[in-house]
Structures are given as structure tokens and as C-alpha cells.
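A.B. asks: predicted structure and sequence below. I'll ask about it afterward.
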Amino acid sequence: MASTEGFNIVISGDSSKLIQSVREAQNALGGLKSRKIDVAVQITGGLQEIGSQIESVFGKLFKTITAGATAVAGTLSMVMKSALAVGGGFEAQMTSVQVISGAAGKDLQDLTDKAREMGATLP
């Protein structure tokens, strides 16, 4: 049968150096933790600065593109309006020619084609 009796070992001595070493290790770890936080703060600040610069550049780029697109759209609008006005005016004039000349069918088409040809060759 196994014995359930045990034994105790007692170690005695000066533990002040051990306690001092543990405290120094704790302080060193605390300093590393503080440095780690400082580095994280610096990285975060740097990333925020980069983000702000990127936002600034793309904001300016977007404004420039928008302004350019608006200018192009305005110009195209004026060109289309002018073309429609000219086209509408041409059709109105050809209606007048039809009424005055009494031309119809192929004769009116020939007059229309000749008017377009002459208009295309004007300086």
C-alpha cells in the first residue's frame, strides 16, 4: 500500500534581490508597453496625415474633372442647340420654297439636296 505521508522542504534566505529583480523586470516591461503605445500613436498620426493628403489630392482632382465635364457639357449643349436651330430653320425655309414654288415629291427633294450641297460648300 502506498504511503500518504508527505514531506515539506523549507528554503530560507534573503529574497530582497529576487524581489528587486522582479520589480526591475516589471518596470522594463512597463517602459516597453509605453514605447509600444507611443509608436502606435505615431503610426496612427502618420496614417491620418497620409489620408488627409490623399483626400486633398483626390478632392482637387474630382473638382477639376467635374469643372471640365461641366464645361464640355455646356459647350455640347450650345452646339446641339445651334445645330437644331439651324436644322429647324432649314426645314422651315424648305417649306417656304415648297409653298412658293409648288414643288413636290422628287422636285422638292432635288431642291432640298441642292440647298444642302450649296450650304455645305459655303465658306
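C.D. replies: Nice, I can see it. Residues are numbered from 1 along each chain as shown.
A.B. asks: distance check, the closest residue to Thr112 other than its chain neighbours against Met118.
C.D. replies: In this structure, Thr112 finds its nearest non-sequential neighbour in Met94, 5.5 Å apart by C-beta to C-beta, 6 or more residues apart in numbering. (Each C-beta comes from the backbone N, C-alpha and C, glycine too.) When C-beta to C-beta, to the nearest Å is applied, the distance between Met94 and Met118 equals 13 Å.
A.B. asks: tell me which element Leu122 is part of?
C.D. replies: Using DSSP states H and E, Leu122 is not contained in any helix or strand.
A.B. asks: between Met94 and Met118, which is the more surrounded one?
C.D. replies: Using other C-beta atoms under 10 Å as the criterion, Met94 and Met118 rank with Met94 on top: 17 against 9.
A.B. asks: now do Gly68, the pLDDT please.
C.D. replies: Listed pLDDT for Gly68 reads 77.
A.B. asks: check contacts around it.
C.D. replies: Residues counted as contacts of Gly68 (C-beta atoms under 8 Å, 6 or more residues apart in numbering): none.
A.B. asks: and it, what helix or strand is that in?
C.D. replies: Short version, using DSSP H and E: Gly68 is in helix 16-101.
A.B. asks: need the next SSE after that helix, C-terminal direction.
C.D. replies: Heading C-terminal from helix 16-101 (DSSP H and E), you reach helix 105-120.
A.B. asks: tell me the angle the helix or strand of the chain with the lowest mean pLDDT makes with helix 105-120.
C.D. replies: When the helices and strands of the chain are compared on mean pLDDT, DSSP states H and E, helix 16-101 comes out lowest with a mean of 74. Interaxial angle of helix 16-101 relative to helix 105-120 (axes from the mean of the first three to the mean of the last three C-alpha atoms, to 10 degrees): 120 degrees.
A.B. asks: any idea how far helix 16-101 is from the chain center?
C.D. replies: Averaging C-alpha positions (C-alpha atoms, centre = their mean, to the nearest Å) puts helix 16-101 4 Å from its chain's average.
A.B. asks: give me phi/psi at Thr121?
C.D. replies: Main-chain dihedrals, Thr121, degrees, to the nearest 10: phi -100, psi 0.
A.B. asks: so for it, what's the pLDDT?
C.D. replies: The model's pLDDT for Thr121 equals 80.
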